[in-house]
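In: My questions are about this predicted structure, shown below with the sequence.
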Amino acid sequence: MSFVDILAARAPQRLDLGENGYLIVSAHGGRIYGPFLDGAEAFDWVADAPPGDWNIGGERVWIAPERYLNFSDPGRMIETYRVDPGMDPGHWRIADADGAALRLKMQTKLELLGGLGAVELDITRDIDI
């Protein structure tokens, strides 16, 4: 079973682009996958199997500045890099779906690194074909 088939089985939304093209939008991670063509191999990056962590492919929301959210030591950025699970995959939900339009929403609180406090986010993604 391909990753696209696995995605479809998890009940994400399919948005048709016309000419046999489509996007798959998943509330898991708030991801957009594609474009895909019916009957063709996927030409967007997708993992062979859906992993359980944040690296699940597709297009996602990225919050900056990374210095305050993702790594604690600029001199050892790779060693201290992390993605807050409150952001990715987060707790997205499909708030509205209507034919060629879809709205994803997520609310989260992210702790800033270095004891600088926290930020509360209320994110809406509108996907309109």
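Out: Perfect, thanks for sending it.

In: For the chain, which segments are assigned as strands?
Out: Remark: strands assigned in the chain by DSSP state E are 13-18, 21-26, 31-37, 93-98, 101-111, 118-128.

In: Can you lay out these as a markdown table showing distance to Thr80?
Out: C-beta coordinates here come from the backbone N, C-alpha and C atoms, glycine included. As requested, these are exported to a markdown table (distance: least, Cβ to Cβ, whole Å):
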| stretch | distance to Thr80 |
| --- | --- |
| strand 13-18 | 36 |
| strand 21-26 | 29 |
| strand 31-37 | 25 |
| strand 93-98 | 31 |
| strand 101-111 | 14 |
| strand 118-128 | 19 |
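
In: Quick one, grab the pLDDT at the residue lying farthest from the centre of the chain.
Out: Here the chain reaches farthest from its C-alpha mean at Gly75, the gap being 28.1 Å by Cα atoms, centre = their mean. Per-residue confidence at Gly75 stands at 94 (pLDDT).

In: what does Leu104 give?
Out: Reported pLDDT for Leu104: 91.

In: and the residue positioned nearest the centre of the chain, what does it touch?
Out: In the chain, the residue lying closest to the centroid (Cα atoms, centre = their mean) is Arg31, at 3.0 Å. Taking Cβ atoms under 8 Å, 6 or more residues apart in numbering, we find Arg31 in contact with 25, 56-60.

In: try Arg60
Out: Contacts of Arg60 (Cβ under 8 Å, 6+ apart): 29-32, 88.

In: got the phi/psi numbers for it?
Out: In terms of degrees, to the nearest 10, the main-chain angles of Arg60 are phi -140, psi 170.

In: how close does it sit to Glu66?
Out: 14 Å (Cβ to Cβ, to the nearest Å).
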